[in-house]
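*Asks:* Okay, sequence plus prediction incoming.
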Amino acid sequence: RDNFPAVLPAVARADFDSVVRNELCAKTSIRSLPSDRIAYIDSFGNMKLTLKKSDPQFATLKEGQQVRIKINQIPRVATVTLGSFEINEGELALAPGSSGYDDCFVELFLRGGSAKRHFEDSPKVEQSFEILHKD
């Protein structure tokens with residue numbers, strides 16, 4: 001977002017060689033995402049996280065495993081799943097989402113309800129979350 005305005009004139013001229021050479025477009029100049037933030041909350045109250053499916057924090061979890069998710073000091077139990085229909089109505093789930101290409105981002109959703117409301121409407125975009133193994 002901050003870097004692309006500097007290369008926009010070259011793109012408008014279709015001067016893609018300049019864009020490729022521009023250090024602002026170099027992969028190393030784009031910061032990596034923290035893996036513990038809420039990226040987006042959709043109109044259903046599903047929370048898209050910055051955590052990737054391949055991240056050890058998620059990849060080491062087993063399907064069906066229950067974990068504690070903590071947002072704003074509010075802990076809730078979520079079930080790890082690989083699909084949204086393998087979770088019972090009214091249950092909170094932690095699952096790979098539909099965005100992020102081959103290494104998708106993880107989502108937190110409440111089947112048949114709002115995950116945001118389940119956390120007392122307190123979650124906000126860019127806020128951190130914590131995944132704790134359930135005792």
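*Replies:* Structure's in. What do you need?

*Asks:* Could I get the full set of strands for the chain?
*Replies:* Taking DSSP state E, the strands of the chain run over residues 38-41, 47-52, 66-71, 74-80, 92-96, 105-110, 130-133.

*Asks:* Low-confidence ranges, this protein, go.
*Replies:* Applying pLDDT under 70 to the chain picks out residues 1-7, 18-31, 84, 134-135.

*Asks:* spatially speaking, which residue is in the middle of it?
*Replies:* residue 49 (1.9 Å; C-alpha atoms, centre = their mean).

*Asks:* hang on, the earlier thing: could the strands of the chain go into a markdown table alongside distance to residue 119?
*Replies:* (Glycine included, C-beta is placed from N, CA and C.) Shown next, in a markdown table, are those (distance: least, C-beta to C-beta, whole Å):
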| stretch | distance to residue 119 |
| --- | --- |
| strand 38-41 | 10 |
| strand 47-52 | 8 |
| strand 66-71 | 5 |
| strand 74-80 | 5 |
| strand 92-96 | 9 |
| strand 105-110 | 9 |
| strand 130-133 | 12 |
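
*Asks:* Among those, show me which one is buried the most.
*Replies:* Mean neighbours per residue, mean count of other C-beta atoms under 10 Å, is largest over those for strand 105-110, with a mean of 24.

*Asks:* In PDB, list the C-alpha atoms belonging to that one.
*Replies:* Below are the C-alpha coordinates for strand 105-110, written out as PDB (Å, rounded to 0.1, in the frame of the first residue of the first chain):
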ATOM      1  CA  PHE A 105      -4.900 -18.200   6.000                       C
ATOM      2  CA  VAL A 106      -6.700 -19.700   9.000                       C
ATOM      3  CA  GLU A 107     -10.200 -18.600  10.000                       C
ATOM      4  CA  LEU A 108     -12.100 -18.600  13.300                       C
ATOM      5  CA  PHE A 109     -15.800 -19.100  12.800                       C
ATOM      6  CA  LEU A 110     -18.900 -20.100  14.800                       C
END
